[in-house]
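J.: show me how the following folds:
(2 chains)
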Protein chains: 2
Amino acid sequence: MSKEFEIIEQVFRRRAGSSPNVTLGIGDDAALTRLPVGSELVTATDALVAGTHFLEDAPARSIGHRCLAVNLSDIAAMGAEPLWASLALGLPRVDRTWLNDFADGFFALAEQAGVTLIGGDTVRGGLFASLTLQGFVPAGQAVRRSGAAAGDLIYVTGHPGDASAGRLRLSDELAAVDTADAADIAQANDLLVERFYYPMPRLAAGKGLRGLATAMIDISDGLHIDLARLLEASGVGAELDVAKIPLSAALENTVKRPRAIELALCGGEDYELCFTVAPDNIAGLHARAENWDCALSCLGTVTAGPGLAWCQAGEPYGVPESGFEHFI
Amino acid sequence: MSKEFEIIEQVFRRRAGSSPNVTLGIGDDAALTRLPVGSELVTATDALVAGTHFLEDAPARSIGHRCLAVNLSDIAAMGAEPLWASLALGLPRVDRTWLNDFADGFFALAEQAGVTLIGGDTVRGGLFASLTLQGFVPAGQAVRRSGAAAGDLIYVTGHPGDASAGRLRLSDELAAVDTADAADIAQANDLLVERFYYPMPRLAAGKGLRGLATAMIDISDGLHIDLARLLEASGVGAELDVAKIPLSAALENTVKRPRAIELALCGGEDYELCFTVAPDNIAGLHARAENWDCALSCLGTVTAGPGLAWCQAGEPYGVPESGFEHFI
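T.: The predicted structure follows:
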C-alpha cells in the first residue's frame, strides 16, 4: 500500500468507533470480534459503483451514507441489529475534501446505528464503495423471506417511489409529460433527491418485527420484484390493491398518479421493508409500530395459490415490465 | 439488479459450498452463520482492482484465486482458521467464459481451505473483486503484530521475492540488466509468474504458530515494510542478515543477487508469514513445521532498542527506498 493510502486508512481508523464486542479493530492483519452469547451472525454485502449506483458527481457525503444505509437495510430486513462493518473503497485519486465528506456521511450514520468500522481496504481504481456489514439476532429468530402463509397481511414501511423519483430527477429523466401541476415542484424535487441521497434504513421496525413478521425483505430493487421474491421463497401468492400503496405528497406533487404508482412499484432504491404478518398479530403490530417513526401500510393479503396480482378499482392492474437497472 | 446479474449470482450460489456453521447462505437479504463455541471471529477485507493489482488481461482464474488467497493469508497471519466469505464483484460486462474461469479459481481454493461463500454482490462497473473473509480462533489466542519481545528470533516462510519478480515479468519491467546468466530463464520465469498468479496462503503454518509465535504478520506489502510494522506494533527493533533471506532457485536464475535481495525485501505480493518466536520455543517450532510444506528461515533477532537494521557480510545494508506500489 502506498503512503498516500496509508494516510487515508488512518483517517478511517481514527473515526472507526469502538464497541465491547470488538476486541481488535483496524490495524492488524485482521480484526477480532466477539458475538453476543446465544446469537447468530447476520452478514450483508452490497457495493455501490460510480456510474451505476450513483453519478460521478454525487456528493461524497451521500456515497458514504448510502454504502452503509443499503447494508443496514438488509440487516434490518432479517430482524437483526447491526454490529460492525468492513469497507473496501476504490478511489481514482486522493482528494482529502472528498474523503472527509465521505467519512462524514458514513460515520454520522454509523454512530446513529451503533456500527463500528473494523477494517477494510483502500485501493486505487474506479470509484466504488463495497461494504460488508454484520449484525446479530438471537439464534433462530432471524426473519427470512420464506415464512409467509396464506391469509397473512402484507405491509410496507414508508413511501415507496420517492427515492427512484429523486434518482430520475438527478439524471433528468423525469420527463415533462410526467409532471403534475403543483406549485411546489422544486421543493418536492429536493425532498425526493434527499430521499435518494440519504435513505434511512428501518432498523427499529426490522428489530421490532422479530417474532411478529412471518417473512420480510427490503425493497431496494422495487416493491413489486422484491415482494415477488418473498412470495416465491414462501411458496405462496398475493392479492394487492395499488390504491393502498402509500404515495408521499412530494411524489404526488411531482409526477402524475399513474407514474407515481409505477415508481412505487418498480423504481427501486427504496430502503423500506415489506413484510407479512398473521391476522392474529395485527393489533400487536400496530402497538409496536408506534415507536418506529415511519408510515406503515397494508397493501393486501397472501394467497395459497401462486402469482402476484395487483388490482386497481376492482380491475387487474398490469405492472410495467421495466426492471430496475440503476443509472445504466 | 438486472436479470443478467441475477444469473451470475445463481452461478455462485450453486458452487457456494456448505458448512454446519452456515445456517442460511446466499439468497436472502443477509446470510446467517454461527461461530464455533468459545471462539473469536477474525475478519479480513482485501480488494483487487484491475490495473492496480492485476493487469486487465490477467487470467480470470488467477483473479478468482488471488482475491481469496490474499485474504486467507491475513487470516493465517492471525493464527486463525477460515470459515466463510462474502464477495463483491465489479464487472464491466457479462462474459460467461471469464466468469466460469474466475469461479474455477475461486472455488478450487475455497474447497481446499474449507471456505463457504455466504453472499456478496455483483455490480456493473470497473473490474474489481473485493472479499471479506472470516475465520475463527479460540478466544484470546489470536496472534497479533504486537507481541514480539527482545531476544525473540525472526522467521519467514517460503521464498520472498518470487511473486514480485513474476509481477514485473508480466509488465516487462524485469530489465535486461537484471538478468542472470542462467540457461533456464524461461522456466524460472514461468515459476515466478505462477507464484504471482497463484499464491498459496500459509494456512497450516499460521494455525500451527498459535501459542508459539509471539507476533505475526503477512508480508504482502514486502518483507521489510511489513516486518517494520510488526516491530513498531511491538515497540521493539531488530537485527537481521540479508544473507539469511531464502532466495528461490527460480529467482536467482532470473535476476542477479543484489536485485533478488531487493525484490525479496521490497517487492511485495508475497503471501508469506513473518513471525517471532522466543528462543525457548525453537525446538517446538521445528517439530511443528515439519507438517507445513513450506521453507522456514531464521533471519535475525528482535532487539530492545528501536530500528530495523539489516546487515550484509558484517556491514550495514541499506534497504532501497522504493515502496510497494502494485502495477501503478
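J.: now A:R66: how far from A:P138?
T.: Distance, A:R66 to A:P138, using Cβ to Cβ, to the nearest Å: 29 Å. The way it works is simple: take the backbone N, C-alpha and C, and place the C-beta from them, glycine included.
J.: these two: which is more packed in?
T.: In this comparison of A:R66 against A:P138, neighbours counted by other Cβ atoms under 10 Å in any protein chain shown, the higher total goes to A:R66 at 26 against 15.
J.: am I right that the more buried one is in a helix?
T.: Yes: counting by DSSP: H, G, I helix; E, B strand; the rest coil, A:R66 is part of a helix.
J.: centre of the chain versus stretch A:224-244, how much separation?
T.: 18 Å (Cα atoms, centre = their mean, to the nearest Å).
J.: pull out the buried residues from that stretch.
T.: Along stretch A:224-244, the positions that meet the burial threshold by neighbour count (16 or more other Cβ atoms under 10 Å in any protein chain shown) are A:224-231, A:233-234, A:236-242.
J.: kindly report the same for stretch A:28-46.
T.: For stretch A:28-46, the neighbour count (16+ other Cβ under 10 Å) marks A:28-35, A:39-46 as buried.
J.: out of those residues, which touch chain B?
T.: For chain B, the contacts drawn from these by Cβ under 8 Å from any Cβ of the partner chain are A:28-35, A:40-46.
J.: break down the stretch 201-328 of chain A into its helices, ranges please.
T.: Secondary structure of the stretch 201-328 of chain A (DSSP state H, counting those that start in this stretch): helices located at A:203-208, A:223-234, A:249-252, A:257-266, A:282-289.
J.: now render these as a markdown table, adding mean pLDDT.
T.: Converted to a markdown table, the helices of the stretch 201-328 of chain A look like this (pLDDT from 0 to 100):
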| stretch | mean pLDDT |
| --- | --- |
| helix A:203-208 | 98 |
| helix A:223-234 | 96 |
| helix A:249-252 | 93 |
| helix A:257-266 | 95 |
| helix A:282-289 | 96 |
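J.: among those, which comes closest to chain B?
T.: Distances from chain B to each of the helices of the stretch 201-328 of chain A were compared by Cβ to the nearest Cβ, and the smallest falls on helix A:223-234, at 7.6 Å.
J.: centre of the chain to the closest one, how far?
T.: 16 Å.
J.: just want the angle from it to helix A:257-266.
T.: Between the axes of helix A:223-234 and helix A:257-266, defined by axes from the mean of the first three to the mean of the last three Cα atoms, to 10 degrees, the angle is 40 degrees.
J.: report all helices and strands that helix A:223-234 contacts.
T.: Helix A:223-234 sits against strand A:213-218, strand A:237-241, helix A:257-266, strand A:273-277, strand A:308-312, with contacts defined as 3 or more Cβ pairs under 8 Å, 6 or more residues apart in numbering or on different chains; DSSP states H and E.
J.: make CSV out of the ones you listed and add distance to chain B.
T.: Converted to CSV, those look like this (distance: least, Cβ to the nearest Cβ, whole Å):
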stretch, distance to chain B
strand A:213-218, 6
strand A:237-241, 19
helix A:257-266, 13
strand A:273-277, 9
strand A:308-312, 17
